[in-house]
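Q: Kindly generate the corresponding structure for this input.
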Amino acid sequence: MSDPLIDPPKTDLQRRDDLKFQADLDALLKEAERMRLSYMHKHRSRQFTATTLGLVAVVAGAGGFGWFFFMKSNLIKGLACVVLSLAIPLLLSLWSRTPLKTYKDAHKTHFMPQMADLLGGFRFTPKRGISANILGKTGVVPTYKTYHAEDCFTGRHKGIKVMFSEARLTGEHRHAPALFRGLFVMLELPQPVFEGHTIITADSDMVARYAATRWHKLAPVMLDNTNNPAHDKFVAYSDKPEDAKLILGARL
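A: Just a heads-up that it's a prediction; the model follows:
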């Protein structure tokens with residue numbers, strides 16, 4: 001994830017006729033469901049076979065141990081039968097789960113690229129996302145240890161580069177709940193619109209945590225919400241508040 005933004009397609013995202021889009025979407029979802037059911041059927045068939053053969057192997061291993069240990073007084077061969085009887089079910093279990101992995105791979109190599117194209121011409125990249133170097137500069141991402149991004153969509157609309165991907169941030173403790181699990185969205189404009197660094201948020205908890213610490217170099221920006229009191233929930237901070245005030249407001 002070294003690039004801030006994966007190069008999107010050269011052509012702009014295209015609007016789709018609603019009826020045509022719905023028909024294409026239904027067809028794609030039906031195809032995806034057929035694919036899912038096919039792999040699930042393979043998995044269940046293999047699971048039944050693996051369970052049956054695994055039980056046979058365990059019984060045979062127990063019998064082999066009894067034969068060699070009690071009848072032949074050969075502990076080594078008896079233990080070998082036990083080890084073999086345990087190894088066979090393990091290998092069969094791995095074999096039975098293979099269709100699940102194959103399905104996950106097929107979902108990302110076959111279904112998701114088609115879905116991306118259906119959404120107007122997005123490009124889908126399964127194992128990429130917004131660069132980690134960008135996250136720290138935003139001022140809104142919590143302190144984390146590990147960042148994982150996947151299922152990235154990129155496109156272009158009226159010269160604006162669009163990227164969104166699944167993201168997960170985890171902390172120091174490996175088994176603790178994720179600090180963040182959701183979508184990251186980034187829009188890259190062809191020319192700068194904001195001067196400096198401006199943050200707009202409706203997260204009052206984040207404001208309480210960061211206003212006096214992480215945002216101590218930013219000044220609060222008074223928003224004009226006269227025409228829409230519902231916008232009172234938004235708070236803005238900027239290192240150039242006067243310039244930000246000219247842009248922020250109901251129109252944004």
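Q: which element follows the host helix or strand of residue 27 toward the C-terminus?
A: In the assignment (DSSP states H and E), residue 27 maps to helix 18-66. The helix or strand immediately downstream of helix 18-66 is helix 75-106, counting by DSSP H and E.
Q: what angle separates that following helix from helix 18-66?
A: Calculated by axes from the mean of the first three to the mean of the last three C-alpha atoms, to 10 degrees, helix 75-106 forms an angle of 180 degrees with helix 18-66.
Q: For the helix holding residue 27, give the mean pLDDT please.
A: For helix 18-66, the mean pLDDT works out to 95.
Q: which helices and strands sit right next to that helix?
A: helix 75-106, helix 112-118 (3 or more C-beta pairs under 8 Å, 6 or more residues apart in numbering; DSSP states H and E). For every residue, glycine as well, the C-beta is placed using N, CA and C.
Q: most neighbours per residue, which of the ones you listed?
A: Among the helices and strands packed on helix 18-66, ranked by average contacts under mean count of other C-beta atoms under 10 Å, first place goes to helix 112-118 (a mean of 17).
Q: Please produce JSON lines containing the helices and strands packed on helix 18-66, extended by distance to residue 15 and mean pLDDT.
A: Shown next, in JSON lines, are those (distance: least, C-beta to C-beta, whole Å; pLDDT from 0 to 100):
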{"stretch": "helix 75-106", "distance to residue 15": "29", "mean pLDDT": "93"}
{"stretch": "helix 112-118", "distance to residue 15": "12", "mean pLDDT": "95"}
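Q: Mind putting those helices into a markdown table with distance to residue 151?
A: Formatted as a markdown table, the helices and strands packed on helix 18-66 follow (distance: least, C-beta to C-beta, whole Å):
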| stretch | distance to residue 151 |
| --- | --- |
| helix 75-106 | 12 |
| helix 112-118 | 7 |
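Q: Out of those helices, which is closest to residue 128?
A: Closest to residue 128 of these is helix 112-118 (C-beta to C-beta; 12.6 Å).
Q: Name the surrounding residues that touch the closest one.
A: Outside helix 112-118, the residues that touch it by C-beta atoms under 8 Å, 6 or more residues apart in numbering are 16, 21, 24, 25, 28, 122, 123, 124, 126, 151, 153.
Q: Quick one, which of those residues are buried?
A: The neighbour count (16 or more other C-beta atoms under 10 Å) marks 122, 123, 124, 151, 153 as buried among the contacts of helix 112-118.
Q: The third one belongs to a helix, doesn't it?
A: So that's residue 124. No - using DSSP: H, G, I helix; E, B strand; the rest coil, the assignment for residue 124 is strand, not a helix.
Q: so how far is residue 56 from it?
A: Residue 124 is 44 Å from residue 56, where distance means C-beta to C-beta, to the nearest Å.
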